[in-house]
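# need a structure here:
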Amino acid sequence: VRSGPDGAVWVVDMYRYVIEHPRWIPPETVAELDVRAGHDRGRIYRVAPRDGRAGWPSVEDARLSQRDAAGLVAAIDSPNGWQRDMAQQLLVWRQEKRAASGLQRLLRESARPETRLHALATLDLLGVLELQDLIQSLADPHAGVRRHAVRIAEDRIHASPELAAALVKVAEDADPQVRLQIAYTLGAWRDRRAAELIARMLLRHHADVNVRWALLTSIHADNIQPVVAAMGRERAEPAARQAVIPSLIRLAAALDAADLLEQFVEQLAKEDAADAFRFTALRELLVASGKGTATSGKSASSREALDRVLADARKAAGSASLDAELRVMAIRVLGLSQRSREQDLTVLKPLLSPQAPVSVQAAAVESLTQMDDPKAVEAMLGGWSSQTPKVRSLVIDALLQRPRDVGVLLNKIREGAVSASEKIGRAHV
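Numbering: from 1, shown residues only. Purely as a prediction, here's the structure:
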């Protein structure tokens, strides 16, 4: 179904007995079929008003290939999308720069937003779009025109302070699609203001997943430091920072921004000792930076900050008076840093006790597993007789992930420390 050059709706009604390609049909079945059946059938419908419509062109009149530049510009102002598309295509193919003045008139005066959009895009593709027309389009009444004006501005913004100022005004556009395009475009703008806008939009629109991820794709090695610095100057609700900080940590690690990772550690050390997000962010940082190697280097202050947060995590993990969910978040941090393996192990081992909540026991098994350390394996198997069936099952799952640990488990079964009757199912094998 398509709109035709004459404004009517054209419908192709194909009829074939066999739709699939014969290649995908068993040969014995194809031998019994006429796979071409219906090739001489079908219809093309033209759906139009019974009594015609004033101003509708005939199919012949709608042919644009014979029109000159002025005629094609006139077709850009058609209510028919087919005509606008084809007129633009022909103008660009011919590189009809003589059409510039007519297109400018449509961009400035047409009441039809689709026409203004086609005029804007055609002027750009012909290389004759003037700066003032682009700035005017950034303030167009229709969001679709504004969105494409933002896109077109990407390649010109560095050369024009006036265009940059106009783009800043559009950053808080009421239309979500315009904001989304702004989020993409900011990555191409190497300017302090771009970093500030990324930071501000991340915090203000953190709940809009599309805009948030578009903004994150605009962060790169040249602007991540200014973005994080600008975020520090912005006032924002905790939920905004909690939605954004983990992603920034992953980006900083991917971009090998060790100094920035150390800044994150130092900031986390200043947060409330029992803040659940603090532990979530620290885990993200340790995992993203290679189990703490990127946070253990340059400055003594960052090393001290990391030690403080890890100490708070151990304290929270072992505190039976705290909420189990908070303890789990703290436990999931332990075992990730090379700096505190022994201390973490000391805290994790008692958490396998049946007296601990099931969620705490499960988190302890997970953290011991991620340590990838023979001492952690011994800790999981050492209290086997007192562990609940649930924890034993989790431990077996963990040990069967690595060939080395499988050997340890089999030795324990051979020694009698682990019962041979423990359920090791087909899924484990």
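# So for P176, what's the pLDDT?
P176 is assigned 94 on the pLDDT scale.
# Kindly report the same for K298.
For K298, the model assigns a pLDDT of 61.
# Give me the contact list for stretch 233-249.
With Cβ atoms under 8 Å, 6 or more residues apart in numbering as the test, stretch 233-249 has contacts from 199-200, 202-204, 206-207, 212, 216, 219, 224, 227-228, 231, 261, 264, 277, 280-281, 284-285, 288. For glycine as for every other residue, the C-beta is placed from the backbone atoms N, C-alpha and C.
# Actually, stretch 385-402.
For stretch 385-402, contacts defined as Cβ under 8 Å, 6+ apart pick out 352-354, 358, 361-362, 365-366, 368-369, 372, 377, 380-381, 384, 405-406, 408-409, 422-424, 428.
# Report the buried members of the contacts of stretch 233-249.
199-200, 202-204, 206, 212, 216, 219, 224, 227-228, 231, 261, 264, 277, 280-281, 284-285, 288 (16 or more other Cβ atoms under 10 Å).
# now the strands for the chain?
With DSSP state E, the ranges of strands along the chain come out as 2-3, 9-14, 42-47.
# Output the ones you listed in a markdown table; the columns should cover mean neighbour count, distance to R339 and mean pLDDT.
A markdown table is the format used below for the strands of the chain (neighbours: other Cβ atoms under 10 Å; distance: least, Cβ to Cβ, whole Å; pLDDT from 0 to 100):
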| stretch | mean neighbour count | distance to R339 | mean pLDDT |
| --- | --- | --- | --- |
| strand 2-3 | 12 | 66 | 86 |
| strand 9-14 | 12 | 69 | 90 |
| strand 42-47 | 10 | 73 | 91 |
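# so can I have TSV of those strands showing distance to A195?
Output for those, formatted as TSV (distance: least, Cβ to Cβ, whole Å):
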stretch	distance to A195
strand 2-3	44
strand 9-14	49
strand 42-47	53
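# Would you mind telling me which of the ones you listed is nearest W82?
Nearest to W82 among the strands of the chain is strand 2-3; the distance by Cβ to Cβ comes to 5.3 Å.
# If you count contacts, what does that closest one end up packed against?
In terms of contacts (3 or more Cβ pairs under 8 Å, 6 or more residues apart in numbering; DSSP states H and E), strand 2-3 is packed against strand 9-14, helix 81-94.
# out of the ones you listed, deepest packed?
Mean neighbour count (mean count of other Cβ atoms under 10 Å) peaks for helix 81-94 among the helices and strands packed on strand 2-3, with a mean of 18.
# can you list contacts of stretch 174-189?
143-144, 146-148, 150-151, 153-155, 157-158, 164, 167, 170-173, 194, 197-198, 201, 205, 208, 210-211, 214-215, 217-220, 223.
# now stretch 335-349: mean pLDDT?
Averaged over stretch 335-349, pLDDT sits at 87.
# buried stuff in that stretch?
Here stretch 335-349 shows 335-337, 339-341, 344-345, 347-349 as buried, counting by 16+ other Cβ under 10 Å.
# ok now it, how far from the chain's centre?
Distance of stretch 335-349 from the chain centroid (Cα atoms, centre = their mean, to the nearest Å) equals 33 Å.
# ok, now stretch 137-150?
Counting by Cα atoms, centre = their mean, stretch 137-150 comes out at 24 Å from the chain centroid.
# So what would you say the end-to-end distance of it is?
This stretch, stretch 137-150, spans 9 Å end to end (Cα to Cα, to the nearest Å).
# Can you turn the buried part of the contacts of stretch 385-402 into a ChimeraX selection?
Only the buried entries of those go into this ChimeraX selection, using 16+ other Cβ under 10 Å:
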select :352,361,362,365,366,368,369,377,380,381,384,405,408,409
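# and the contacts of stretch 385-402, which of them are in helices?
Mapping the contacts of stretch 385-402 onto helices (DSSP state H) picks out 358, 361-362, 365-366, 368-369, 377, 380-381, 405-406, 408-409.
# okay if I get those residues as CSV plus pLDDT?
Compiled in CSV, the ones in helices among the contacts of stretch 385-402 are given as follows (pLDDT from 0 to 100):
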residue, pLDDT
V358, 89
Q361, 90
A362, 90
V365, 89
E366, 90
L368, 89
T369, 86
V377, 85
M380, 83
L381, 84
D405, 77
V406, 81
V408, 80
L409, 79
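# wait, what's in contact with V168?
Going by Cβ under 8 Å, 6+ apart, V168 touches 193, 197.
# Look up how far I135 lies from it.
12 Å (Cβ to Cβ, to the nearest Å).
# Identify those among the buried ones among the contacts of stretch 233-249 that sit within helices.
199-200, 202-204, 212, 216, 224, 227-228, 231, 261, 264, 277, 280-281, 284-285, 288.
# related to what we said a few turns ago, nearest to A37, of the helices and strands packed on strand 2-3?
A37 sits nearest to strand 9-14 of all those, at 12.6 Å, using Cβ to Cβ.
# so H39 sits right up against R16, yeah?
Yes. Shown here, H39 and R16 form a contact pair, counting by Cβ atoms under 8 Å, at 6.7 Å.
# counting contacts, what elements does the worst-scoring helix or strand of the chain on mean pLDDT pack onto?
Every helix and strand of the chain was ranked by mean pLDDT, DSSP states H and E. The lowest is helix 403-415, at a mean of 79. Helix 403-415 makes packing contacts with helix 374-382, helix 389-399 when contacts are defined by 3+ Cβ pairs under 8 Å, 6+ apart.
# picking up where we left off before, just the buried ones out of the contacts of stretch 174-189, please.
Looks like those have 143, 146-148, 150-151, 153-154, 157, 164, 167, 170-171, 173, 194, 197-198, 201, 205, 208, 211, 214-215, 218-219, 223 buried, using 16+ other Cβ under 10 Å.
# coming back round to it: could the ones in helices among the contacts of stretch 385-402 be laid out in CSV, adding distance to R303?
As requested, the ones in helices among the contacts of stretch 385-402 are arranged in CSV below (distance: Cβ to Cβ, whole Å):
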residue, distance to R303
V358, 35
Q361, 31
A362, 31
V365, 29
E366, 26
L368, 24
T369, 26
V377, 28
M380, 29
L381, 33
D405, 31
V406, 36
V408, 33
L409, 36
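# All set now, cheers.
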